[in-house]
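Asks: Provided below for reference: sequence and predicted model.
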Amino acid sequence: MGRSNEKALSQASGVDLRKLAARQMLPMGIAVVLVWLMWDRIQGLDMASIGAGFRTVGPLQWLMALALSALSFWAVGRYDGVGHRLIGSATPTTQARQAGVASIAVAQTVGFGVISGAFVRWRMLPELTLIQAMRLSVTVSATFLAGWAVVAALVVLIVPLPLPGATQLAFATLAGAVALATLSVLRPGFISRFNLPTLPAMGAILALTFIDTAAAGGALWVLLPDGVSIAPATMIAAFILALGAGLICGTPGGVGPFEVTLLALLPHVGQEPVLAAVLAFRGIYYALPALLGAAVVIRGPRDRVAPDTALAAVGPMDQAPGLTPRLDRVLHQAPRAEAALLRHGCLSLLSDPAGQPTAMVAPTGQSLVMLSDPLIRGLDHDALTTHLRDAAQVRFLSPVLYKVGGRLAAAARRTGWATLPVSREAWLAPAGFTLEGSPRRQLRRKLRKAETAGVVVSEATGALPLSDMGAINRDWARARGGERGFSMGIWSPATLPFSRIFLARREGKLIGFLTLHGNAQEWTLDLMRQRADVPDGTMHLLLTKAIEVAAQQGVARLSLAAVPLGKQDHEPPLFHALRDMMDRVSGADGLRQFKSAFAPHWEVLYIAAPTRPGLVLGALDVLREIRMNRTGGRLGKGLRDVMRPAGLADRGRRNT
């Protein structure tokens, strides 16, 4: 590879390959220094005794060590599978695991693990570019190192070993892990650019790291020669910590630092028997897998298998805002016009096993949130929630239904999901709408004020006054700290041609506008923007005009959109805090008053998740998504107050 190509690859991958290669040379130097420092001790070893101990290892010991090594590599493969899911890879799970095992088997023996592991993955997974394989390799290393650090900290606290000061370091490590888990939940703006694993992914990483390292340590223990008495827990604990020395120094297989550390942690055991077991262990855990892995790599990848159904279920909206003719038809027939939010490109599609779009979803934080009711009428609600759950779990997310109607919420409740009323949608039938009656007395008063002030409202036709509309939107957003996002309308000139737009003018000057999503079933309110100095009642006049036009065009239902439900007396304090936050974020008090003036019908909408913790985390994720759009990623004090009362890097232990 020429220098120009290497530089381009480094810039594209975000990894400086020359620096990375230089860092890989450092471990070799450390190994040489260690050998030099320990030369007197090495010369004092009885090599004949080591050889004799090696020869005493019996067939049953070899078989047990082989079984434990297989268990360790089983965990290795699943660990790589976790990594693929964290970066959103579409690689089928089976192929991801096989490539992970092959890359570790080869890289842990040949050294230069991040680089060699990346090339093996690139060879085994042709759908990955070298850049993607390198990122995958780097991320697997980082996540494994983090998992090992937590496992090692727990080992220090549980198993007594001669390590002065290790207890304090272990507590500090665990405190850091708790802080990282908290950041994964809160995801404040300064951390948003990092791809932090979710809590389930962290749990999977820790569990697999423990299985991997404990099984490997167990393989070393069963290979001890006859007459050597070491408790299994002690040997496994010493192995895990010695592994850390190899990780830090980065020599191939940890050779040198691993042995030195292991002997230091087992001062009351003879050196030769331990080294005899290490020699046997390196044969069965390093040499044999390296040969098998090399054979697999030489053979190359098998025919590609189809991606998992759950993995292929969620797809990006690559063609928003125009979408495709087929999806346009789906949006046109969707039960809720709110489905037009897909045009903003911030949501993804959930498709059934046949590839039919069924719902709009967003992976965010700890959750895969399904927003609003399904895109198609008559879907089996039980099958839909099951499919959503499977699509979420394969990504280490929790499935969440947000702002769904009572029928879907009831179906979820029947299957054991936790449900909670979250908002109320205001709607009316345009054909039957009238300004008469006491319920709309406040509305009539507002309309008179706007008309007296000379406000004139009309539906937009022809070219839109985008410059004036954009200025109004900027002033409106600036006064409120930014726009809301996610389930709430955002300014997007590219999607305006698909909306119904009504403009308010005074003395020929644009002072406000209102947009609605529309399809064959209904219209639904989207944006309401006005200047700060508009006459009272301007927005009421805009919406009244929209209702009038909807009635003329035979629209059966016009939704004024939803407002948060508000605090419920019977709920616990945590839910009170969440509802207060939602009210503040959405400006709920003003919206309730505005919509109530039209005396609409009110329909309760729900949030649901398989568990109560999942429901709470889902609500936090939704709040953050709404708020991030208006605060540029800042989480805000409110969310921290409530909480108060994968990416992929190659296995660090062998590949760093």
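Replies: Happy to help now that I have it. Model, not experiment: these values are computed from the prediction.

Asks: Where does pLDDT dip in the stretch 551-656 of the chain?
Replies: Applying pLDDT under 70 to the stretch 551-656 of the chain flags the ranges 586, 629-656.

Asks: Show the residue spans covered by the helices in it.
Replies: For the stretch 551-656 of the chain, applying DSSP state H, counting those that start in this stretch gives helices covering 573-586, 588-596, 612-631, 637-643, 652-655.

Asks: what ranges do the helices span in the stretch 251-400 of the chain?
Replies: 257-265, 271-282, 288-299, 309-312, 325-333, 381-393.

Asks: I'd like to know which elements the fifth one is packed against.
Replies: Just to be clear, that refers to helix 325-333. Using 3 or more CB pairs under 8 Å, 6 or more residues apart in numbering; DSSP states H and E as the contact criterion, no helix or strand is in contact with helix 325-333. C-betas here are computed from N, CA, C, even on glycine.

Asks: Need the contact partners of it.
Replies: Under the contact criterion CB atoms under 8 Å, 6 or more residues apart in numbering, helix 325-333 has outside partners 319, 322-323, 339-340, 342-343, 349, 357, 375-377, 519-521.

Asks: May I see the buried residues of that helix?
Replies: Leu327, Val330, Leu331 (16 or more other CB atoms under 10 Å).

Asks: Let me have those in JSON lines, extended by distance to Glu571 and pLDDT.
Replies: Shown next, in JSON lines, are the buried residues of helix 325-333 (distance: CB to CB, whole Å; pLDDT from 0 to 100):
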{"residue": "Leu327", "distance to Glu571": "38", "pLDDT": "78"}
{"residue": "Val330", "distance to Glu571": "36", "pLDDT": "85"}
{"residue": "Leu331", "distance to Glu571": "35", "pLDDT": "87"}
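
Asks: any chance of the residues you listed in a markdown table, plus distance to Pro197?
Replies: Formatted as a markdown table, these follow (distance: CB to CB, whole Å):
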| residue | distance to Pro197 |
| --- | --- |
| Leu327 | 32 |
| Val330 | 33 |
| Leu331 | 34 |
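
Asks: And those, which is closest to Thr56?
Replies: Leu327 (69.1 Å; CB to CB).

Asks: among the helices of the stretch 251-400 of the chain, which is nearest Lys545?
Replies: Nearest of the helices of the stretch 251-400 of the chain to Lys545, taken as CB to CB: helix 325-333 at 23.7 Å.

Asks: For the closest one, output the C-alpha coordinates as PDB.
Replies: Extracted C-alpha coordinates of helix 325-333, given in PDB (Å, rounded to 0.1, in the frame of the first residue of the first chain):
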ATOM      1  CA  PRO A 325     -44.000   5.300  -4.800                       C
ATOM      2  CA  ARG A 326     -44.800   2.100  -2.900                       C
ATOM      3  CA  LEU A 327     -44.200   3.700   0.500                       C
ATOM      4  CA  ASP A 328     -46.000   6.900  -0.600                       C
ATOM      5  CA  ARG A 329     -49.000   4.700  -1.100                       C
ATOM      6  CA  VAL A 330     -48.600   3.200   2.400                       C
ATOM      7  CA  LEU A 331     -48.500   6.700   3.900                       C
ATOM      8  CA  HIS A 332     -51.500   7.800   1.900                       C
ATOM      9  CA  GLN A 333     -53.600   4.900   3.300                       C
END
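
Asks: Now the buried members of the contacts of helix 325-333.
Replies: Listed as buried from those are Leu323, Ala339, Ala340, Leu342, Arg343, Leu349, Pro357, Leu375, Ile376, Asn519, Gln521; burial here means 16+ other CB under 10 Å.

Asks: Pull the most distant pair out of these.
Replies: Largest separation among the buried ones among the contacts of helix 325-333 by CB to CB: Leu349 and Gln521, giving 18.9 Å.

Asks: Let me know the pLDDT of the spatially closest residue to Arg302 that is not a sequence neighbour.
Replies: Spatial nearest neighbour of Arg302, excluding adjacent residues (CB to CB, 6 or more residues apart in numbering): Gln95 at 7.8 Å. Listed pLDDT for Gln95 reads 87.

Asks: is it fair to say Gln95 lies in a strand?
Replies: No - Gln95 is assigned helix when assessed by DSSP: H, G, I helix; E, B strand; the rest coil, not a strand.

Asks: Pretty sure it sits against Leu125.
Replies: Yes - using CB atoms under 8 Å, Gln95 is in contact with Leu125, at 6.5 Å.

Asks: so what sits against both of those two?
Replies: Residues touching both Gln95 and Leu125 by CB under 8 Å, 6+ apart: Pro301.

Asks: Could you check which of these two is surrounded by more residues?
Replies: Higher neighbour count among Gln95 and Leu125: Leu125, with 24 against 19, using other CB atoms under 10 Å.

Asks: ok, the more buried one touching Gln98?
Replies: No - Leu125 is beyond contact range of Gln98, at 9.3 Å (criterion: CB under 8 Å).

Asks: and the nearest residue to Asp580 once chain neighbours are set aside, backbone torsions?
Replies: Nearest non-adjacent residue to Asp580, counting by CB to CB, 6+ apart: Lys567, 6.7 Å away. Note on Lys567: its backbone torsions stand at phi -60, psi 140 [degrees, to the nearest 10].

Asks: residue contacts, Lys567?
Replies: Counted by CB under 8 Å, 6+ apart, Lys567 has contacts His576, Arg579, Asp580.

Asks: For the first one, which non-adjacent residue is closest in space?
Replies: By that I understand His576. The shortest distance from His576 to any residue other than its chain neighbours is 5.3 Å, reached at Lys567 (CB to CB, 6+ apart).

Asks: Roughly how far does that neighbour sit from Met581?
Replies: Separation of Lys567 from Met581 (CB to CB, to the nearest Å): 11 Å.

Asks: what do you get for Ala477?
Replies: Taking CB to CB as the measure, Ala477 falls 20 Å from Met581.

Asks: Compare these two (neighbour count), which wins?
Replies: Set Ala477 next to Met581 and count neighbours by other CB under 10 Å: Met581 wins out with 22 against 17.

Asks: wait, the more buried one sits on Arg624?
Replies: No - contact criterion CB under 8 Å: Met581 and Arg624 do not qualify, at 10.1 Å.

Asks: Of the helices of the stretch 251-400 of the chain, which is nearest Glu507?
Replies: The closest of the helices of the stretch 251-400 of the chain to Glu507 is helix 325-333. By CB to CB, the value is 38.1 Å.

Asks: which ones are touching Gly587?
Replies: Applying CB under 8 Å, 6+ apart, we find Gly587 in contact with Arg480.
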